[in-house]
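Participant: output the structure for:
(one chain, ligands or ions: 2)
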Amino acid sequence: MREYTLEEIAGVLREEKSFILTGHENPDGDCTGSTLGLAHILRSLGKQATVIIDDKLPRFLSFLPGAVEIRRADEPVEADVLLVLDTVPTRIGRVLEQVKVKKAINIDHHETNDGSHMDHHIESQAAATAEVIYKLVKTLGVPFTKEAAMCLYTGLATDTGYFRYANTTPFTMRAGADLIEAGAVPYIVSEAVDERPYQTVVDLSAALDRMECFAGGRACGIFLDAPTVAKMETTEGFIDSIRIIEGVDIAVVLKMKEEKLCRVSMRSKRANVSALATQFGGGGHEHAAGCTLHMGYEDAKKTIMEAITRALEAQA
Ligand code: 5GP
Ligand code: MN
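Facilitator: Ligands and ions are numbered 1, 2, ... in the order given. I've put the predicted structure just below:
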C-alpha cells in the first residue's frame, strides 16, 4: 500500500469535505485524543468530521472535548475520507464494514504496523500518534484550537507517561509546550486521566493480592480469570503498579475476557515486548505492547509466562 507524506495528507484534508476518524478498540488517551484533536481542527476549517470508535470509551477519557459525540459503528456511514489513527486497520471493530469512502489513510506510530493494510503514514520514531497529528497540523499551517490542543496534549502525555518514558524527545516536549500555549491545561488532563472510581482502587488492591513474580524476579504478572474480570469496570493502569518493582524488567497483565480469549498487556524497562507480542499476532512498541491469546485462562497464563521467561533468559 502506498505511503503518504504529511504534505500529501494535508492536501487531502484541504481538498476533501467530509471525514470519518477512527482509532483502535480498547481506546486509550492517544487514540482518542488524536482522533478528537484532528476532528476539531477539521471542523475549524469548515469540514465535516465524525469520530467513530467501535468500543466503550473509558470513563477517565470522557473529559476530552468532543468525547460525547463519539459514535459506535452501529450503522452505515458515508464520507470522502476515512482516517484510521494509532493502530493497524485490523483493530477497529466494525468500522471498515460500515464506512463507505473514496479514500482511506492510516496514520500511526506503531513499529509493528507494516503498512500493508491501507495507504499510510507511519512514523515509528514518534512518541505518540498525537505527535504525528501535531506535525500534520503544523504542515497544514492552521492554528490549534483550545479543544484540539487539549485532546492532542492528552495523547502526547498519556503515551509518554507525562513526558517520562524512553519515547520522549526534545521535539515531544516542544510540541507539548506549543499545545499548552494553545490552551491545553496539564493539571486538568492529569487529574482527569488519573482519576478512578473508588471501586477500581478496591479492585486494584485485589489484583495486587494476586500478583506473581516469576523468571527469577525479573518479571511480574497480574493474572485475572473471567469471573474476576467480570466484576471490574477497568484494569487500566494496574500494570503501572507492578512495573515499578525493583528488579522487574517485564510486567504483564492477563485478563480472560471470554471463553478462549485472553487479553495480554506488557510493559518493559529493557526487554523488547513488542517482539514478544508479535509472536502471538499482537504488536505495539518496544516497551509497551499487547496481544490476544485464543486459549483458556490456565493455558494462556502458562504460555505467556513461558514466553516472557524465555525472552528474559535469552537476553541474560
Ligand atoms: P496496552 O497494553 O496499553 O493495551 O497496549 C500497549 C501498546 O501495544 C499500545 O500501543 C497498543 O496499541 C499496542 N497493542 C496492544 N494490544 C495490541 C494488539 O493486540 N495488537 C497490536 N498490533 N497492538 C497492540
Ligand atoms: Mn499511541
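
Participant: mind listing the helices for the stretch 101-250 of the chain?
Facilitator: 129-140, 146-159, 170-181, 186-194, 198-209, 226-231, 238-243 (DSSP state H, counting those that start in this stretch).

Participant: make JSON lines out of those and add distance to ligand 2 and mean neighbour count.
Facilitator: C-beta: built from backbone N, CA, C; applies to glycine. Output for the helices of the stretch 101-250 of the chain, formatted as JSON lines (distance: least, CB to the ion, whole Å; neighbours: other CB atoms under 10 Å):
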{"stretch": "helix 129-140", "distance to ligand 2": "5", "mean neighbour count": "24"}
{"stretch": "helix 146-159", "distance to ligand 2": "5", "mean neighbour count": "27"}
{"stretch": "helix 170-181", "distance to ligand 2": "12", "mean neighbour count": "16"}
{"stretch": "helix 186-194", "distance to ligand 2": "14", "mean neighbour count": "15"}
{"stretch": "helix 198-209", "distance to ligand 2": "22", "mean neighbour count": "14"}
{"stretch": "helix 226-231", "distance to ligand 2": "24", "mean neighbour count": "13"}
{"stretch": "helix 238-243", "distance to ligand 2": "16", "mean neighbour count": "19"}
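
Participant: mean pLDDT for those helices - can I get that in CSV?
Facilitator: Shown next, in CSV, are these (pLDDT from 0 to 100):
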stretch, mean pLDDT
helix 129-140, 98
helix 146-159, 98
helix 170-181, 98
helix 186-194, 98
helix 198-209, 97
helix 226-231, 95
helix 238-243, 97
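
Participant: adding distance to residue 50, write those helices out as CSV.
Facilitator: Shown next, in CSV, are the helices of the stretch 101-250 of the chain (distance: least, CB to CB, whole Å):
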stretch, distance to residue 50
helix 129-140, 17
helix 146-159, 15
helix 170-181, 23
helix 186-194, 24
helix 198-209, 31
helix 226-231, 32
helix 238-243, 32
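
Participant: using TSV, please lay out these together with distance to ligand 1.
Facilitator: Shown next, in TSV, are the helices of the stretch 101-250 of the chain (distance: least, CB to the nearest ligand atom, whole Å):
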stretch	distance to ligand 1
helix 129-140	9
helix 146-159	7
helix 170-181	15
helix 186-194	13
helix 198-209	15
helix 226-231	14
helix 238-243	7
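
Participant: any idea which of these gets closest to residue 16?
Facilitator: helix 129-140 (13.0 Å; CB to CB).

Participant: pull the distance from that closest one to the chain's centre.
Facilitator: A distance of 17 Å separates the centroid of the chain from that of helix 129-140, by CA atoms, centre = their mean, to the nearest Å.

Participant: could I get that helix in CSV with only the CA atoms?
Facilitator: In CSV, the C-alpha atoms belonging to helix 129-140 read as follows (Å, rounded to 0.1, in the frame of the first residue of the first chain):
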residue,chain,number,x,y,z
THR,A,129,0.1,9.4,17.1
ALA,A,130,-0.8,12.8,18.7
GLU,A,131,2.8,13.9,17.9
VAL,A,132,2.3,13.0,14.2
ILE,A,133,-1.1,14.8,14.2
TYR,A,134,0.7,17.8,15.8
LYS,A,135,3.1,17.8,12.8
LEU,A,136,0.3,17.4,10.4
VAL,A,137,-1.5,20.5,11.8
LYS,A,138,1.8,22.4,11.6
THR,A,139,2.1,21.3,7.9
LEU,A,140,-1.4,22.5,7.3
